[in-house]
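Novice: Let's see this in three dimensions:
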Amino acid sequence: MKRVVFGWILCLIAVAGVMVGGLLFSVLLAIGCVLGGLEFIGMAQAKGYRPSSRIVIGMIIAFIVLASLPKLPGIHLPETFPLSHYPILLTVGICISFFRLVLRFEKHPATIADIASTIMGFIYVGWMPSHLILLRNLAPPGTENISNPLQQPGLAYVWVSLFIIWATDVLAYYCGKKWGKTPLYPEISPKKTVEGAIGGLVAAIFWASVVVFTADHYFFPCHPFQFKIWQAPIMGLVVSVASQLGDLCESLMKRDAGLKDSSDMIPGHGGFLDRGDSLLFGGPISFYWIKIVVLGIL
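Specialist: Below you'll find the predicted structure:
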């Protein structure tokens, strides 16, 4: 019961943030990423590493803010501003990580692992998920600004991504439980099976096609996918593979750290990384797929 209750609460909060978009979506994502960053730091510390928590959390917030700038009230910046400034922020973060840890005057000087885990922390839980904000704000070239958040093309892009990722997770679980016999990667995640992974892929392809078709024909007058229904199954396949690999990556880190869950912040569910590991990779892949393949923006 605890798992179901907290699962529905998180789901409703996430859906509200996605539907409203703008500042609310950015704030909710920032909260989740900061908590996920703390979980990552905890995993690194369980391995004996000493990442800089201030740099990890500070850079996570910086990436979220940068991605949100064009849509913040009172700020007028082009939609391309975050992407064009990502390399600058990433460079600053890497330099700060090296310099700050080199100058951390403690009994034991910083190690390569300390520096590497600091940089990995804000890339993994900051830079990667910030693409979800870019995805929510994305629009086809020449599209006029749409004030109604329920009609914005970015909403359709986030929805198709979430449906792909959620369908992958749910069907992979049920197919694996019912028909799973062949271990997928037992050294990392003993319960995952090849049959479950295939079930997740099939579900992702189906729901990607459904969401793209209904979005263009019924729900969004701006036709966000430009009637390219033939691309939907391929997107479903690509994003589903990315989300399943993201799940395995987090399982690898937990196993390496000797942890069952990333934390116990969400009763009955583990931690924020446990619930969002698929999004960390599926979100950025969705953004670049839609931007480059669907919209042809290079």
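Novice: neighbours around the closest residue to residue 57 other than its chain neighbours, how many?
Specialist: Counting by C-beta to C-beta, 6 or more residues apart in numbering, residue 37 is the residue found nearest to residue 57 once chain neighbours are left out, at 5.4 Å. Using the backbone N, CA and C atoms, a C-beta is placed for each residue, glycine as well. Burial of residue 37 is recorded as 25 neighbouring residues (other C-beta atoms under 10 Å).
Novice: Which strands and helices lie in contact with whichever strand or helix holds residue 37?
Specialist: Assigned by DSSP states H and E, residue 37 belongs to helix 22-46. Judged by 3 or more C-beta pairs under 8 Å, 6 or more residues apart in numbering; DSSP states H and E, helix 22-46 is in contact with helix 2-20, helix 53-68, helix 112-122, helix 128-136, helix 232-257, helix 272-288.
Novice: Tell me which residues touch the residue nearest to residue 57, please.
Specialist: 56-57, 60, 121-122, 125-126 (C-beta atoms under 8 Å, 6 or more residues apart in numbering).
Novice: Sketch out the low-pLDDT regions of the protein for me.
Specialist: 1 (pLDDT under 70).
Novice: angle of the top strand by length along the chain against helix 232-257?
Specialist: The single longest strand within the chain, with elements called by DSSP state E, is strand 189-193. For strand 189-193 against helix 232-257, the angle by axes from the mean of the first three to the mean of the last three C-alpha atoms, to 10 degrees is 160 degrees.
Novice: Counting by contacts, list what strand 189-193 packs against.
Specialist: Strand 189-193 packs on helix 153-179, strand 183-185, helix 232-257, going by 3+ C-beta pairs under 8 Å, 6+ apart.
Novice: To residue 287, which of the ones you listed lies closest?
Specialist: Smallest distance to residue 287 across the helices and strands packed on strand 189-193 (C-beta to C-beta): 7.8 Å, for helix 153-179.
Novice: other SSEs contacting the closest one?
Specialist: Helix 153-179 packs on helix 2-20, helix 128-136, strand 189-193, helix 194-214, helix 232-257, helix 272-288, going by 3+ C-beta pairs under 8 Å, 6+ apart.
Novice: Each with direction, which strands does the shortest one pair with?
Specialist: What that stands for is strand 189-193. strand 183-185 (antiparallel) (DSSP bridges).
Novice: Only the buried residues of the partner strand, if you could.
Specialist: Within strand 183-185, the residues that qualify as buried by neighbour count (16 or more other C-beta atoms under 10 Å) are residue 184.
Novice: on that earlier part again, only C-alpha atoms, please: export the longest strand of the chain in PDB.
Specialist: Extracted in PDB, the C-alpha atoms of strand 189-193 (Å, rounded to 0.1, in the frame of the first residue of the first chain):
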ATOM      1  CA  SER A 189      20.900  -7.100 -12.400                       C
ATOM      2  CA  PRO A 190      20.000 -10.700 -11.800                       C
ATOM      3  CA  LYS A 191      16.200 -10.200 -12.100                       C
ATOM      4  CA  LYS A 192      16.300  -8.700 -15.600                       C
ATOM      5  CA  THR A 193      15.700 -11.000 -18.500                       C
END
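Novice: can you list contacts of that strand?
Specialist: Outside strand 189-193, the residues touching it (C-beta under 8 Å, 6+ apart) are 172, 176, 180-185, 247-248, 251, 255.
Novice: what two of those are the furthest from one another?
Specialist: 181 and 255 (22.2 Å).
Novice: Tell me which of these two has more neighbours.
Specialist: residue 255 (14 against 8).
Novice: Nearest to residue 201, out of the helices and strands packed on strand 189-193?
Specialist: helix 232-257 (5.1 Å).
Novice: May I see the buried residues of the closest one?
Specialist: Buried residues in helix 232-257, counted by 16+ other C-beta under 10 Å: 232, 235-244, 246-251, 253-254, 257.
Novice: Please identify which of the contacts of residue 37 is nearest to residue 223.
Specialist: Closest approach between those and residue 223, by C-beta to C-beta: residue 126, at 32.9 Å.
Novice: Isn't that closest one up against residue 58?
Specialist: No: if you go by C-beta atoms under 8 Å, residue 126 and residue 58 don't touch, sitting 9.3 Å apart.
Novice: Compare these two (neighbour count), which wins?
Specialist: The neighbour comparison of residue 126 against residue 58 (other C-beta under 10 Å) goes to residue 126, with 29 against 16.
Novice: Quick check: closest non-adjacent residue to the more buried one.
Specialist: residue 60 (3.6 Å).
Novice: I figured the one you found was touching residue 35, is that so?
Specialist: No: counting by C-beta under 8 Å, residue 60 sits too far from residue 35 to count as a contact (10.0 Å).
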